[in-house]
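K.L.:
Let's see this in three dimensions:
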Amino acid sequence: MFWLVVVTLIMIGLAFLILEILVIPGTGVAGIIGFILIGIGVWQAYVYYGTNTGHWVLAGTIVGTVAILAYSLRAKTWRRVMLKTSIKSKVNLIDEDKLNTGDLGKSVSRLVPTGKAVFNDQFYEVRTMGEFLDPGVDIEIEKIENHKIYVKQKE
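P.N.:
Below is the predicted model:
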């Protein structure tokens, strides 16, 4: 019956080590808990079953830990859960034929100083030269520079 406790402690400790290495790196808490649980499991094997059995449990734990970590760190293991898509879109690609300096539009969100506006039924991310504008304000394109649209309130 006590073998179940020893094996459970070691397995939970291994699970915490795997979590530390693969899921929550940098915190150290899960790794420390994992090492402590594995150590307690091996120590209990020494206390209750003697030195010879304790050595076997220690050797098995070391081999098992190395094997599980090696299997977990292989690239093929995580391909099934890995994100395979990539983002190919760009933000605010401005068609020079559709948008020019002096065009009129309307702010959709609050411009503080960056926000959304609509020009020719197309939504764009725009920015002001520092002033804040409320939604629904008529605006005019002041300049277009490096795919950034600078606007001002229409006078």
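K.L.:
Pull the number of nearby residues for Ile149.
P.N.:
For Ile149, the tally of surrounding residues (other CB atoms under 10 Å) stands at 22. C-betas here are computed from N, CA, C, even on glycine.
K.L.:
The helix or strand encompassing it pairs with which strands, parallel or anti?
P.N.:
Using DSSP states H and E, Ile149 maps to strand 148-153. Taking DSSP bridges as the criterion, strand 148-153 sits next to strand 122-128 (parallel), strand 138-145 (antiparallel) in its sheet.
K.L.:
Return the set of buried residues in it.
P.N.:
Neighbour-count burial for strand 148-153, counted by 16 or more other CB atoms under 10 Å, picks out Ile149, Val151.
K.L.:
Run the chain-centre distance for it.
P.N.:
33 Å (CA atoms, centre = their mean, to the nearest Å).
K.L.:
where does this protein have low pLDDT?
P.N.:
Along the chain, the parts satisfying pLDDT under 70 run over 1, 25, 75, 77-78, 80-81, 90-92.
K.L.:
Might one say that Leu69 is in contact with Ala15?
P.N.:
No: in this structure, Leu69 is not within contact of Ala15 by CB atoms under 8 Å, at 12.0 Å.
K.L.:
ok, back up a step: could you identify which of the strands paired with strand 148-153 is most buried?
P.N.:
Burial of these is given as mean neighbour count (mean count of other CB atoms under 10 Å); strand 122-128 ranks first at a mean of 17.
K.L.:
what does that strand rub up against?
P.N.:
In this structure, residues lying in contact with strand 122-128 by CB atoms under 8 Å, 6 or more residues apart in numbering are 91-92, 94, 98-99, 107-108, 111, 113-118, 139, 148-152.
K.L.:
list the contacts for Leu14?
P.N.:
Applying CB under 8 Å, 6+ apart to Leu14 gives the contacts Gly34, Ile38, Gly64, Thr65, Ile68.
K.L.:
With distance to Tyr48 as new columns, can the strands paired with strand 148-153 be given to me in TSV?
P.N.:
Shown next, in TSV, are these (distance: least, CB to CB, whole Å):
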stretch	distance to Tyr48
strand 122-128	67
strand 138-145	75
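K.L.:
going on from the longest helix seen in the chain, what's the next piece of helix or strand?
P.N.:
Looking across the chain with DSSP state H, the single longest helix is helix 29-73. Counting by DSSP H and E, the next helix or strand C-terminal to helix 29-73 is strand 104-107.
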